[in-house]
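Visitor: Fold the following and give me the result.
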Amino acid sequence: MDERLSIHLIEALSAVWSRIRSLHPLVPGVILLAAPASRDNLRVLGHFAALRWQAKEREGYRYHEVVVVAEHLNRPAEDVAETLLHEAAHAMNFEQGLHDCSASQYHNRLFMRAAEALGLDVAQMPHYGFAYTKLPAHTAALYGNEIAFLRDVLIHRRSLTTSPGPGPPRGGAEGEDDDKPCARNRKAVCRCPYIIRVSRKTLEETTIRCDGCGEAFQLA
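Guide: Take a look at the predicted model:
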């Protein structure tokens, strides 16, 4: 166990953010954190909070906060970078006095324009406006070194909602044959990410898509 694991993680996240700022100078500096998910919304991947931190020695000087949700750091490094770019769009809009998101998390066209300016693909989602963002290959290439660093140091917090309780997980002990009846149901997630339980065989023979994000469920 290396007690510097968390430091390496923050360094990698910060490297991505610094690269974003070098390519897009209107994106401000922020305090970056990896924090547990809120029990009120386990689906959130990250958030931007304006003026959340205050410098002790600089009265009245405040910093923005960007959080990547620790339970969702089990995603590919490219997806984590996409979350940072998503939050960077919010941060850039705030700096320009543009209100791009409602209290109910409806992302309007101001967010869409900022996210596209940062190189993300954007699509509409039911109830959340233009909240769906995706990192295209040509944008990922601009962050190749930073994504590689992030991939090397990624760790994630185990979710209390999905971790097994005492004894073997329901469906059989780890390492059992997936074809056994007791082990058929596996956890699968979409991009939102919702969680469903489904057999491996079912996902091999058909595609199950989420109505919210439109992505196919994949085994976690």
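Visitor: pLDDT-wise, which helix or strand of this protein ranks last?
Guide: Here the helix or strand of the chain ranked lowest by mean pLDDT, DSSP states H and E is helix 200-205, holding a mean of 68.
Visitor: What's the first helix or strand after the strand or helix carrying residue 7?
Guide: Counting by DSSP states H and E, the element that carries residue 7 is helix 5-23. Downstream of helix 5-23, the next assigned helix or strand under DSSP H and E is strand 30-35.
Visitor: partner strands of that next one, parallel or antiparallel?
Guide: In the sheet, strand 30-35 lines up against strand 62-69 (parallel) (DSSP bridges).
Visitor: List the contacts of the partner strand.
Guide: Contacting residues not belonging to strand 62-69 are listed as 13, 17, 28-37, 44-55, 80, 83-84, 87-88, 91, 94 [CB atoms under 8 Å, 6 or more residues apart in numbering]. Heads up, the C-betas are built off the backbone N, CA and C, glycines and all.
Visitor: now the angle from that strand to helix 5-23?
Guide: Interaxial angle, strand 62-69 versus helix 5-23 (axes from the mean of the first three to the mean of the last three CA atoms, to 10 degrees): 120 degrees.
Visitor: returning to that earlier point: and the helix or strand following the least confident helix or strand of the chain, average pLDDT?
Guide: Following helix 200-205 in sequence order, the next helix or strand is strand 218-219 (DSSP H and E). The average pLDDT for strand 218-219 rounds to 77.
Visitor: for strand 218-219, packing partners?
Guide: With contacts taken as 3 or more CB pairs under 8 Å, 6 or more residues apart in numbering; DSSP states H and E, strand 218-219 sits against strand 185-189, helix 200-205.
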